[in-house]
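1. Okay, structure incoming, though there's no sequence with it:
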């Protein structure tokens, strides 16, 4: 897909969008954009190693990068290296790593907030209530792969070094992503999904190089193939009341399905969704008051 020319903006702007494209596509469609973060010292190897030491161990995920598209999370192989060894040998160790919730670090939080500030002036009129700013930094060996999966937040992936090819699917295509899979995701299941070769014909494919970014619609299934160089990318994400409401509804539908019922898909009946949402909120409030 071609990149639309960005609308003229302030030289200090970190994320650069074509406003017409943004207003037409967000939040339902993927689209490319530009950014000005390449060369930022926060993404140097030494800075990322130091950041990994400041983050809790649970916020550093790493494993072998030479895996199948359809890789179950419990089967994902490890490398046997430490975090620092993995990062220092990333060019040759065939690994994939993500530093999660980097907003816990004040310096990275400031950069994340600045990036999402560039998004907010365009996104707020369309999906108001931006909240839960979260940032993720991906460090990948040449040729590594991220399996087929989905994510439940608004996401802009910014390519800083190296290249990657993103194959992405329509989140509303139920021949690819079933109601049960979405319900399971919001019920606590792992992000990885089951992939079939027949899906390839329906994919949109985006080539990311330094200076480019990609908008991922909420719940859009995708997988990523890294190019022949070490890749570093920064994912800036946020949530809104609208997607939090849908998450609550999908989780509730999953619970109802577990009780042997066959709930209507989320979005099919606004009245039913409103009733279920209010019921769940009421039960949660009652639970908090009673301690149950």
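-> Everything's here; your move. Values in this document were obtained by computation on a predicted structure and should not be read as measured data.
2. would you list every one of the helices in this protein?
-> When assigned using DSSP state H, the helices of the chain occupy the ranges 19-25, 45-54, 83-88, 106-123, 179-186, 241-258, 270-290.
3. In a markdown table: these, plus mean neighbour count.
-> Quick note: C-beta positions are derived from backbone N, CA and C, even for glycine. Listed next are those as a markdown table, based on neighbours: other CB atoms under 10 Å:
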| stretch | mean neighbour count |
| --- | --- |
| helix 19-25 | 15 |
| helix 45-54 | 15 |
| helix 83-88 | 17 |
| helix 106-123 | 17 |
| helix 179-186 | 19 |
| helix 241-258 | 18 |
| helix 270-290 | 12 |
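4. Give the closest residue to residue 104 in space, chain neighbours not counted.
-> residue 55 (6.6 Å; CB to CB, 6 or more residues apart in numbering).
5. and what of residue 224?
-> residue 146 (4.0 Å).
6. What is the burial count for that neighbour?
-> By other CB atoms under 10 Å, 21 other residues sit near residue 146.
7. separation between it and residue 243?
-> 22 Å (CB to CB, to the nearest Å).
8. Same question for residue 15.
-> In terms of CB to CB, residue 15 sits 20 Å off from residue 243.
9. which residues does residue 234 contact?
-> Neighbour list for residue 234: 37, 43, 135-138, 157-158, 160 [criterion: CB atoms under 8 Å, 6 or more residues apart in numbering].
10. whoops, residue 281 was the one
-> Contacts of residue 281 by CB under 8 Å, 6+ apart are residue 248.
11. What is the end-to-end distance of stretch 37-52?
-> With CA to CA, to the nearest Å as the measure, the ends of stretch 37-52 fall 20 Å from one another.
12. Report the separation between residue 202 and residue 128.
-> 31 Å.
13. hang on, the earlier thing: so the residue nearest to residue 224 sits against residue 95, correct?
-> No: using CB atoms under 8 Å, residue 146 is not in contact with residue 95, being 11.9 Å away.
14. Overlap in contacts, these two.
-> Overlap of the contact sets of residue 146 and residue 95 (by CB under 8 Å, 6+ apart) consists of residue 140.
15. ok, residue 132 to residue 234 distance?
-> Distance from residue 132 to residue 234, by CB to CB: 17 Å.
16. should've said residue 63
-> Where residue 234 is concerned, residue 63 sits at a distance of 20 Å (CB to CB).
17. Make sure residue 111 is actually in contact with residue 47.
-> No: counting by CB under 8 Å, residue 47 is not a contact partner of residue 111; they are 11.4 Å apart.
18. list the residues that contact both of those two?
-> Joint contacts of residue 111 and residue 47 (CB under 8 Å, 6+ apart) do not exist.
19. picking up where we left off before, let's have the helices of the chain in a markdown table, adding distance to residue 167.
-> Formatted as a markdown table, the helices of the chain follow (distance: least, CB to CB, whole Å):
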| stretch | distance to residue 167 |
| --- | --- |
| helix 19-25 | 18 |
| helix 45-54 | 26 |
| helix 83-88 | 25 |
| helix 106-123 | 24 |
| helix 179-186 | 17 |
| helix 241-258 | 23 |
| helix 270-290 | 31 |
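20. what stretches of the stretch 51-200 of the chain score poorly on pLDDT?
-> Within the stretch 51-200 of the chain, the stretches falling below the threshold (pLDDT under 70) are 64-80.
21. Show me where it has its strands.
-> According to DSSP state E, counting those that start in this stretch, the stretch 51-200 of the chain carries its strands in the segments 60-64, 95-99, 131-140, 145-149, 154-161, 164-168.
22. closest to residue 259 out of those strands?
-> strand 145-149 (27.3 Å; CB to CB).
23. tell me what that closest one is packed against?
-> strand 222-226 (3 or more CB pairs under 8 Å, 6 or more residues apart in numbering; DSSP states H and E).
24. Can you give me the buried ones in the strand it packs on?
-> 222-226 (16 or more other CB atoms under 10 Å).
25. Looking at those, spot the one nearest residue 274.
-> For these, the nearest to residue 274 is residue 222 (30.7 Å; CB to CB).
26. If you drop the residues flanking it in sequence, what lies closest to the closest one?
-> Spatial nearest neighbour of residue 222, excluding adjacent residues (CB to CB, 6+ apart): residue 168 at 4.2 Å.
27. what separates the one you found from residue 18, distance-wise?
-> 19 Å.
28. Same check on residue 265?
-> Separation of residue 265 from residue 18 (CB to CB): 33 Å.
29. ok, residue 257 touching residue 183?
-> Yes: counting by CB under 8 Å, residue 257 touches residue 183, with 6.4 Å between them.
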